[in-house]
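K.L.:
With the input below, show me the fold.
(one chain, ligands or ions: 3)
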Amino acid sequence: MKTSKQTTLQVTGMTCAACANRIEKGLNKLEGVSAANVNFALEQASVTYDPGKVDVQRLEESIRKLGYDTVKESVDFQLEGMTCAACAARIEKGLNKLPGVQHATVNFAMETAHVAYAPGEVAVSDMQQKVEKLGYKAVLKQESGEPADRRAQEIRKHKLKLLISTILSLPLLWTMVSHFSFTSWIYTPEILMNPWVQMVLAAPVQFYVGWPFYSGAYKALRNGSANMDVLVALGTSAAYFFSVYQTILWASEGGSLHHGGPALYFETSAVLITLVILGKFFEALAKGRTSEAIKSLMGLQAKTARVERDGQELTIPVEDVLAGDIVLVRPGDKVPVDGVVADGLSSVDESMLTGESLPVEKQAGDAVYGATMNKNGSLKIRATKVGKDTALAQIIKVVEEAQGSKAPIQRVADAISGIFVPIVVAVAIVSFLVWYFLIIPGDFPNALEIAISILVIACPCALGLATPTSIMAGSGRAAELGILFKGGEHLEQTHKIDAIILDKTGTVTKGKPELTDVVTDEDTDEDTDAFLAIVGSAEKNSEHPLAEAIVAGIEGRGIAIPASEAFEAIPGYGIKAVVQGRSVVIGTRRLMEREGIADAESAYNAMTELEMAGKTAMLAAVDGKYAGMVAVADTVKETSAAAVKRLKAMGIQVIMITGDNERTAQAIAAQVGIEHVLAEVLPEGKAAEVKKLQEQGKHVAMVGDGINDAPALATANVGMAIGTGTDVAMEAADVTLMRGELSSIPDAIYMSRKTMSNIRQNLFWALGYNTLGIPVAAIGLLAPWVAGAAMALSSVSVVLNALRLQRVKVKSS
Ligand SMILES: Nc1ncnc2c1ncn2[C@@H]1O[C@H](COP(=O)(O)OP(=O)(O)OP(=O)(O)O)[C@@H](O)[C@H]1O
Ligand SMILES: [Cu+]
Ligand SMILES: [Mg+2]
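P.N.:
Numbering: from 1, shown residues only. Ligands and ions are numbered 1, 2, ... in the order given. The predicted structure follows:
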């Protein structure tokens with residue numbers, strides 16, 4: 001008796017189809033493996049094996065030995081306790097060091113961690129323990145919805161602290177006005193000038209409101225690094241404890257309030273903390289808004305559904321709808337789940353998913369999607385995908401993942417903030433010494449004030465926010481426009497594109513060809529109907545869009561199609577079949593030459609004529625002799641020409657690629673304004689063409705819809721899949737264009753360019769504050785509270801700048 005098991009491994013590290021072949025060979029050689037199949041585009045290896053002879057561990061090992069890696073599971077955490085990008089970097093490092101963890105990324109702005117791991121080697125609780133040991137908390141991320149609550153809670157917490165610290169700081173701030181000559185006429189109550197009173201007022205701010213800075217600083221230092229907490233804790237403590245020292249000194253000398261009393265800095269520390277908390281509060285508010293896109297996507301989901309079960313109509317929660325249920329959708333209702341129209345006629349507004357504002361006509365057999373809006377008619381649909389599988393749920397997942405992912409540019413920010421803090425502390429100490437010993441010898445308070453200002457102004461908190469907030473806002477806005485970026489990386493790559501390869505069928509054209517011409521050879525004894533019956537029979541087995549068009553056209557003429565006995569598809573050439581004992585060959589000139597059908601040449605002239613008109617003509621031979629020709633025509637999408645024009649105006653080279661013949665391709669290309677055409681490219685040649693352009697130094701985007709486009713999509717710097725195309729293409733792509741129109745391509749590039757310039761602005765501002773502020777503070781021109789305000793402002797301005805991306809307008813909407 002033989003038992004066999006099947007498993008699918010996610011493989012990482014493959015760079016081309018050759019890698020996939022190597023792995024496939026390696027796996028197949030293993031004892032106990034009966035079949036291994038590696039899909040390069042999906043990065044998956046599916047293996048059928050005998051569990052008695054080999055186990056999954058062994059399979060993974062053999063993949064690793066070849067220099068690749070496997071990912072089997074991933075988990076998401078919600079993190080607590082991070083205060084700046086240095087914390088995020090530390091957690092990321094810590095997790096990545098754990099044996100069994102393949103890949104961990106931490107998003108500071110979203111406070112999340114994504115960890116890919118091998119389940120046998122490491123447990124989720126190990127990861128949580130590791131994070132805890134580093135001084136943070138990792139909570140397993142629940143299903144969507146939860147982060148918003150947490151954010152609201154965080155905002156409430158900030159609000160309370162802000163209130164306490166403001167109430168206590170205001171009286172201290174009041175005493176400050178008596179320091180300046182131009183405000184000294186303002187009345188200040190005597191009691192506020194009392195050092196003891198000031199100390200008591202400042203204490204809760206310093207130690208209750210400011211506690212997170214201490215604990216954050218402690219954790220960071222214990223792990224051998226430094227973050228913004230260290231700077232804030234150091235700066236404010238110096239001010240507070242120096243003032244305490246002054247107070248005690250003053251008290252021991254008799255405690256007289258004449259001559260103004262001692263120099264105190266209680267208000268400096270209190271106001272600083274208040275301002276930092278104020279900044280954090282605004283930051284939390286604004287960060288909440290960057291996830292607006294997700295929230296509004298989740299809000300699209302219908303709450304209930306009307307289903308027909310056992311002849312009865314029931315209204316049930318949408319979660320309870322099962323695949324296969326018959327769902328009734330009345331005019332004005334939201335479609336609750338994905339399904340196929342079983343009965344009825346209506347138009348449906350799909351703009352929420354595709355960004356396309358024109359309603360789409362639906363009739364029996366058409367697919368409908370959850371969250372879209374039914375307009376005028378009633379529909380009866382059969383549910384096909386529910387819960388996590390619906391298009392909406394998939395979109396939410398992609399957007400969430402994209403928002404949580406890192407753009408390569410962030411590495412720059414991470415590297416800078418990692419070394420920033422120690423350098424700043426050093427600069428502050430040196431400045432203190434220079435002022436105290438050289439510039440104004442013996443003036444301790446002045447030197448201290450300068451050191452505090454430097455510590456505060458140099459805080460790199462804005463730097464940590466610069467990239468992730470822009471990525472979140474940018475990918476969220478793109479999703480609203482019907483453009484799904486699968487990760488920050490692709491959002492970044494897209495702005496560099498300078499060449500675009502468009503697949504012809506289904507991308508430039510509608511991909512719904514129609515049978516237009518039938519030509520039969522004068523020499524055949526067959527009449528047209530008999531010829532078409534044979535052609536239809538042969539094509540019936542093919543899944544190629546051309547075949548579907550031919551079959552539909554023949555059936556439309558009322559011709560009965562007999563069953564065929566054998567069938568073979570020859571990708572890029574055509575098909576071979578046996579119909580009623582006769583051998584049939586249909587396809588290109590090349591196919592006829594390959595099959596040695598010499599008399600087909602007589603039809604070449606007529607064929608060329610059809611092709612010049614933009615039609616795809618296919619030759620058919622029966623029993624080795626040319627018998628006739630069929631031609632189909634595909635119309636270009638209405639928006640294609642305008643989109644090509646926009647791409648060219650953006651300075652991008654536009655190329656059309658197709659397996660179709662040169663003349664048809666040129667005719668179609670001319671209709672949309674493309675000059676550069678690559679025709680008669682075999683399916684496996686598309687990826688090679690992408691590579692050729694890359695070797696010329698181009699950043700290439702490939703846009704396609706079909707299964708045969710997947711390798712090219714994966715090879716290109718950015719692969720864009722037409723959302724109305726196949727799932728395989730979408731899996732292989734980096735960007736999905738939900739609307740299925742070329743006009744989304746310039747929009748995607750525009751969105752990417754906007755996002756990247758937004759990130760650059762943010763980095764510039766974040767770094768600018770620090771680099772300009774430090775020298776100003778060092779020469780003593782920046783009071784500590786001004787430095788605090790500037791720091792708070794820098795974080796807030798970075799987040800607000802990122803939010804501008806949510807209002808980006810594109811041409812096509
Ligand atoms: N089922 C079929 N029946 C007849 N001819 C076919 C069939 N499949 C392919 N061919 C022929 O082979 C050619 C190349 O097919 P291929 O699938 O590579 O490209 P395509 O679908 O025409 O164009 P694109 O690359 O833009 O999708 C077609 O133009 C057609 O002439
Ligand atoms: Cu800061
Ligand atoms: Mg095709």
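K.L.:
what does the protein put close to ligand 3?
P.N.:
Contacts of the chain with ligand 3, taken as Cβ under 5 Å from the ion, map to 505, 706. Quick note: C-beta positions are derived from backbone N, CA and C, even for glycine.
K.L.:
ok, longest helix in the chain?
P.N.:
Secondary structure assigned by DSSP state H gives helix 744-778 as the longest helix of the chain.
K.L.:
mind showing which ranges of the stretch 451-600 of the chain have poor pLDDT?
P.N.:
For the stretch 451-600 of the chain, applying pLDDT under 70 flags the ranges 523-526.
K.L.:
in it, which spans are strands?
P.N.:
Listed in chain order, the strands of the stretch 451-600 of the chain (DSSP state E, counting those that start in this stretch) span residues 483-485, 499-503, 514-520, 566-570, 574-579, 582-587.
K.L.:
Tell me how far the second one lies from the chain's centre.
P.N.:
The offset between the C-alpha centroid of strand 499-503 and the centroid of the whole chain comes to 22 Å, using Cα atoms, centre = their mean, to the nearest Å.
K.L.:
now swap in the fifth one and tell me
P.N.:
Using Cα atoms, centre = their mean, the distance from the centre of strand 574-579 to the centre of the chain it belongs to is 44 Å.
K.L.:
Quick one: list the elements packing against that strand.
P.N.:
helix 528-539, strand 566-570, strand 582-587 (3 or more Cβ pairs under 8 Å, 6 or more residues apart in numbering; DSSP states H and E).
K.L.:
My read is that residue 484 contacts residue 397, right?
P.N.:
No: taking contacts as Cβ atoms under 8 Å, residue 484 lies outside contact range of residue 397: 10.0 Å.
K.L.:
quick revisit: the longest helix of the chain and ligand 2 in contact?
P.N.:
No: Helix 744-778 does not reach ligand 2 (Cβ under 5 Å from the ion); its nearest approach is 9.7 Å.
K.L.:
mind listing what's buried in that helix?
P.N.:
Buried residues in helix 744-778, counted by 16 or more other Cβ atoms under 10 Å: 744-752, 754-756, 758-759, 761-763, 765-767, 769-770, 773-774, 776-778.
K.L.:
counting contacts, what elements does that helix pack onto?
P.N.:
Under the contact definition 3+ Cβ pairs under 8 Å, 6+ apart, helix 744-778 sits against helix 410-434, helix 444-457, helix 461-480, strand 483-485, helix 488-494, helix 640-649, strand 735-737, helix 784-803.
K.L.:
Which stretch among those approaches residue 286 most closely?
P.N.:
Set against residue 286 and scored by Cβ to Cβ, the helices and strands packed on helix 744-778 come closest in helix 784-803, at 3.9 Å.
K.L.:
Which strands and helices lie in contact with that closest one?
P.N.:
Helix 784-803 is packed against helix 266-290, helix 444-457, helix 461-480, helix 744-778, with contacts defined by 3+ Cβ pairs under 8 Å, 6+ apart.
K.L.:
Would you mind naming what in this protein lies close to ligand 2?
P.N.:
228, 459, 461, 791.
K.L.:
Make CSV from those and add neighbour count to it.
P.N.:
Below are those laid out as CSV (neighbours: other Cβ atoms under 10 Å):
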residue, neighbour count
228, 32
459, 32
461, 26
791, 27
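K.L.:
The strands of the stretch 451-600 of the chain into CSV, with extra columns for mean neighbour count and distance to ligand 1?
P.N.:
Formatted as CSV, these follow (neighbours: other Cβ atoms under 10 Å; distance: least, Cβ to the nearest ligand atom, whole Å):
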stretch, mean neighbour count, distance to ligand 1
strand 483-485, 28, 22
strand 499-503, 26, 5
strand 514-520, 18, 12
strand 566-570, 15, 6
strand 574-579, 21, 4
strand 582-587, 22, 4
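K.L.:
And these: which comes nearest residue 376?
P.N.:
In terms of Cβ to Cβ, the element of the strands of the stretch 451-600 of the chain nearest to residue 376 is strand 514-520, at 27.7 Å.
K.L.:
just the angle between that closest one and helix 528-539, please?
P.N.:
Here the directions of strand 514-520 and helix 528-539 differ by 120 degrees (axes from the mean of the first three to the mean of the last three Cα atoms, to 10 degrees).
K.L.:
Next up, the contacts around whichever residue of the stretch 151-300 of the chain sits closest to ligand 2.
P.N.:
Closest contact between the stretch 151-300 of the chain and ligand 2, by Cβ to the ion, is at residue 228 (4.2 Å). Counting by Cβ atoms under 8 Å, 6 or more residues apart in numbering, residue 228 touches 83, 84, 86, 421, 459, 460, 461.
K.L.:
give me phi/psi at it?
P.N.:
Main-chain dihedrals, residue 228, degrees, to the nearest 10: phi -70, psi -30.
K.L.:
same thing with the one 5 residues further on?
P.N.:
Reported as degrees, to the nearest 10, the phi and psi values for residue 233 are phi -60, psi -40.
K.L.:
can you pull the contacts of it?
P.N.:
With Cβ under 8 Å, 6+ apart, residue 233 has these contacts: 210, 213, 214, 216, 217.
K.L.:
neighbours around the first one, how many?
P.N.:
Summarising burial for residue 210: neighbours were counted as other Cβ atoms under 10 Å, giving 26.
K.L.:
Could you find the closest non-adjacent residue to residue 338?
P.N.:
Sequence neighbours aside, residue 385 is the residue nearest to residue 338 in space, at 3.8 Å (criterion: Cβ to Cβ, 6 or more residues apart in numbering).
K.L.:
The one you found touches residue 367, doesn't it?
P.N.:
No: in this structure, residue 385 is not within contact of residue 367 by Cβ under 8 Å, at 9.7 Å.
K.L.:
What is the burial count for residue 680?
P.N.:
Count around residue 680 with other Cβ under 10 Å applied: 16.
K.L.:
Just give the nearest non-adjacent residue to it, would you?
P.N.:
Spatial nearest neighbour of residue 680, excluding adjacent residues (Cβ to Cβ, 6+ apart): residue 661 at 5.8 Å.
K.L.:
How about the stretch 51-200 of the chain: which residue is closest to ligand 1?
P.N.:
For the stretch 51-200 of the chain and ligand 1, the shortest gap (Cβ to the nearest ligand atom) falls at residue 68, measuring 29.9 Å.
K.L.:
Distance of that residue relative to ligand 3?
P.N.:
30 Å (Cβ to the ion, to the nearest Å).
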